[in-house]
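> no sequence for this one, just the structure:
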Ligand code: UDP
């Protein structure tokens, strides 16, 4: 695939519309857990700058900085696995509330939407309402994952990117993109600037969950994976520049 074709894959709508998956780890400093409002404010500033330029932004928050359902699996401490996944989904709402206030404190309107009803703190997600918010320039924060246990927020992000007809699914993470191996463990792992969906699945590269890759592959939704800790990357990615790895 030529570089022009790849560029047009990630920029087709006018105005540009993106779904950004932000892992829980973006809500706190490296190797820490919980929420650091400094990290959240930094995130909020970068997103707001791009929204002011007219880019329509939907953000799917992870919850791994608080908890992941899978972490209780081996512990056998009396919490059912499905309950633990619901706890994980609630963690994404906590992140959403923090990010909402941080973005609004820098003057950008937002709506927090949840996959399950939580009327006191968030609107229940309705696709057509979400579209309307985007058209009105509101950043939408999509919490609660898919609303169902046993999947991750990567799958929720793929689902929302498809139903909101995004140009691209952006995944902000702590590595520069897709490598042949975990670059934190294998220092000479090969970096792939571009890679087909099928190769990710065949080589079992664990950059996103398999369901999300398969869903995007089936509907030709390009994914761009990039390192949010590199200064400027988030803004560049949101603006449509190529950073990290494109999966298409
Ligand atoms: N989760 C779930 N269903 C969903 C999305 C999330 O059950 O549709 C749960 C799951 O336990 C997951 C946790 O919520 O581990 C937090 O999400 P995730 O692990 O995706 O967060 P991240 O790794 O991106 O911080």
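Thanks, I have the structure now. Treat the numbers as computed from the prediction; the structure is a model and nothing was measured.

> Compute the distance between residue 169 and the ligand, please.
13 Å (Cβ to the nearest ligand atom, to the nearest Å). Heads up, the C-betas are built off the backbone N, CA and C, glycines and all.

> Could you check which helix or strand contains that residue?
strand 168-173 (DSSP states H and E).

> Please name the strands paired to that strand in the sheet, noting orientation.
Note on strand 168-173: by DSSP bridges, its sheet partners are strand 17-22 (parallel), strand 223-227 (parallel).

> all strands of the chain, in order?
Per DSSP state E, the chain carries strands over the ranges 17-22, 56-61, 110-114, 123-124, 139-143, 168-173, 178-179, 191-192, 194-195, 223-227, 245-247.

> what does the chain put close to the ligand?
23-24, 62-64, 68-70, 85, 88-89, 91, 145-146, 148-149, 151-156 (Cβ under 6 Å from any ligand atom).

> before we move on, the earlier item: could you say which of the strands paired with strand 168-173 is packed most deeply?
Across these, averaging neighbours per residue (mean count of other Cβ atoms under 10 Å) puts strand 17-22 on top, at a mean of 26.

> residues in contact with that one?
43, 47, 55-62, 99, 134, 153-154, 157, 160-161, 164-172, 228, 237-238 (Cβ atoms under 8 Å, 6 or more residues apart in numbering).

> one more time with 6 Å
Defining contact as Cβ atoms under 6 Å, 6 or more residues apart in numbering, one finds that strand 17-22 is touched by 56-61, 157, 160-161, 166-172.

> Redo the strands paired with strand 168-173 as CSV? Include distance to residue 191 and mean pLDDT.
Below are the strands paired with strand 168-173 laid out as CSV (distance: least, Cβ to Cβ, whole Å; pLDDT from 0 to 100):
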stretch, distance to residue 191, mean pLDDT
strand 17-22, 20, 98
strand 223-227, 11, 96
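
> Can you redo those strands as a markdown table, where the extra columns are distance to residue 213?
Shown next, in a markdown table, are these (distance: least, Cβ to Cβ, whole Å):
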| stretch | distance to residue 213 |
| --- | --- |
| strand 17-22 | 12 |
| strand 223-227 | 7 |
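
> that older thread, what subset of the residues of the chain next to the ligand is buried?
23-24, 62-64, 68-69, 85, 88-89, 91, 145-146, 149, 151-156 (16 or more other Cβ atoms under 10 Å).

> hang on, the earlier thing: most neighbours of all the contacts of strand 17-22, which one?
Per-residue neighbour counts (other Cβ atoms under 10 Å) across the contacts of strand 17-22 peak at residue 157, which has 33 neighbours.

> which residues sit in contact with the closest residue to residue 228 other than its chain neighbours?
Among residues not flanking residue 228 along the chain, residue 172 sits closest, at 3.7 Å (Cβ to Cβ, 6 or more residues apart in numbering). Going by Cβ under 6 Å, 6+ apart, residue 172 touches 22, 26, 228.

> Return the set of residues that bridge with residue 172.
Going by DSSP bridges, residue 172 forms beta bridges with residue 22, residue 226.

> wait, what's in contact with residue 235?
Taking Cβ under 6 Å, 6+ apart, we find residue 235 in contact with 46, 50.

> what's next to stretch 94-107, contact-wise?
Here stretch 94-107 has contacts from 27, 35, 40-41, 44-45, 48, 61, 110, 112, 139, 141, 143, using Cβ under 6 Å, 6+ apart.

> tell me which residues in that stretch are buried?
94, 95, 96, 97, 98, 99, 100, 102, 103.

> Most widely separated two among those residues?
94 and 103 (15.4 Å; Cβ to Cβ).

> nearest spatial neighbour of residue 81, skipping sequence neighbours?
residue 73 (5.8 Å).
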